[in-house]
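> Give me a model of this one.
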Amino acid sequence: MKRKVKSLLAFSLALALPLLLAGCGDPLMEPVPPKADAAACATQTTRQNAEKRILAALSSAGNSDFSSLPSILSGPELPIRESQMKVAAKTGQPNADMQIPYPASAVFLPSSCSWPRSITVITEPTQDQYSQRILTFTQQDPRSNYTLWSEIVLYPGAQLPFNAAGVQRVEYGDQPAAGLMATPAEAVSWYADVLENGEKSAHWSSFETGDLYLNLQELRSDLASALATSKGSQSETFSPDYSSAKILKLSAGDLVIAQINSTWVRNAGPGGQATPATAAEKALFTSKPSQTLTVKYVNAVALFIPSSSKGTKIEVLGAEREPVSVKAS
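Numbering: from 1, shown residues only. Just a heads-up that it's a prediction; the model follows:
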């Protein structure tokens, strides 16, 4: 089982190789001035250096020591993947989302040569029915390794509202674009409110809610029925981490990849015992049951903000959600 989990993580990181060959690669030997143009940045890299960098990352990925993961993963993907590996080791069933389909249908390279920098990849659907992914890789400075920052699973049947083919150079940044329905910061904050409050949210009508919200509502409804018998209660609060969001400035609008943390507290009522609700929660739960259970989740979402003139809503293209802590209290 350990070999299977290791191989899945190694395979997912292998996708970074063609990405780096198409992008900046490894400028370790020749640091690039932050204000150099994109063409100069690209020509100062070599295939050999990129291969060495990825081979080192794959070697680390094959190590069963979880402490090696921070050198390969970052952002929401680090706690999410750590949790997925723990669950897989406990249950013997690796999460299907750990395996990333290949090849890529689109690669979005930064138009400027400055740091920190991001590269976004959209994978192709595969014959074995793996969902498409939006992958984000980041590099903090010219001398650091690229890391996998997020892996967003696109919703089945999702239609990307922008050109997602070939290699493109785009602007990354957090400056609000004129004429869009919302700024990136507003969109992330609004969607966190929708996840928490549903139709009661003041921003409900601004979104095509997507499967993340629908699946949450289904689970909440099931829990509400179970808790009602013992006069129990539940609440989940969402906290957007906008400061780390990755934003692509596309001609059709802004694509925003953001982390939203949440804490789900369930109280079973007087004399009751609150227990985990999903297979992943059960695998992470190691304490004795008590009246209250606190589950912390990491959520990563992809939001597309269209022009306000389009008359369309903010689209939730995909998401990744994983419990990272399950404790009785």
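> Which of the three states applies to Gly272?
Counting by DSSP: H, G, I helix; E, B strand; the rest coil, the backbone at Gly272 sits in coil.
> Quick check: chain neighbours aside, which residue is closest to the residue of the chain most remote from its centre?
Within the chain, Gly271 marks the point farthest from the mean C-alpha position, 38.3 Å out by CA atoms, centre = their mean. Excluding its sequence neighbours, the residue lying closest to Gly271 (CB to CB, 6 or more residues apart in numbering) is Ser230, at 7.3 Å. All C-beta spots, glycine's among them, are computed from the backbone N, C-alpha and C.
> got the phi/psi numbers for the one you found?
Backbone torsions of Ser230, given as degrees, to the nearest 10, read phi -120, psi 20.
> so where's the protein uncertain?
For the chain, applying pLDDT under 70 flags the ranges 1-65, 102, 126-130.
> And the next helix or strand past the host helix or strand of Leu214?
Leu214 is part of helix 211-228, with elements assigned from DSSP states H and E. The helix or strand immediately downstream of helix 211-228 is strand 233-250, counting by DSSP H and E.
> So what are the sheet partners of that next one and their directions?
strand 166-172 (antiparallel), strand 253-267 (antiparallel) (DSSP bridges).
> The helix holding Leu214 packs against which elements?
For helix 211-228, the packing partners by 3 or more CB pairs under 8 Å, 6 or more residues apart in numbering; DSSP states H and E come out as helix 184-197, strand 233-250, strand 253-267, strand 314-328.
> Any idea which of those gets closest to Ile119?
strand 233-250 (9.8 Å; CB to CB).
> Would you indicate which residues of that closest one are buried?
Within strand 233-250, the residues that count as buried by 16 or more other CB atoms under 10 Å are 234, 236, 238, 240-242, 245-250.
> same check, this time on stretch 252-268
253-262, 264-268.
> do stretch 163-178 as well
For stretch 163-178, burial by neighbour count (16+ other CB under 10 Å) applies to 164, 168, 170, 172-173, 177.
> mind checking the end-to-end distance for it?
20 Å (CA to CA, to the nearest Å).
> what does it rub up against?
22, 38, 105-112, 117-118, 122, 183-185, 245-254 (CB atoms under 8 Å, 6 or more residues apart in numbering).
> count of neighbours near Asn145?
When neighbours are defined as other CB atoms under 10 Å, Asn145 has 20 of them.
> can you list the buried residues of stretch 163-178 in JSON lines and add distance to Leu293?
JSON lines is the format used below for the buried residues of stretch 163-178 (distance: CB to CB, whole Å):
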{"residue": "Ala164", "distance to Leu293": "40"}
{"residue": "Gln168", "distance to Leu293": "45"}
{"residue": "Val170", "distance to Leu293": "43"}
{"residue": "Tyr172", "distance to Leu293": "39"}
{"residue": "Gly173", "distance to Leu293": "41"}
{"residue": "Ala177", "distance to Leu293": "42"}
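> ok, so of those residues, who is nearest Tyr297?
Ranked by distance to Tyr297 (CB to CB), these are led by Tyr172 at 26.7 Å.
> what are the bridge partners for that closest one, then?
Leu248.
> Next one: it from Phe137, what distance?
Noted for Tyr172: a distance of 12 Å to Phe137, by CB to CB, to the nearest Å.
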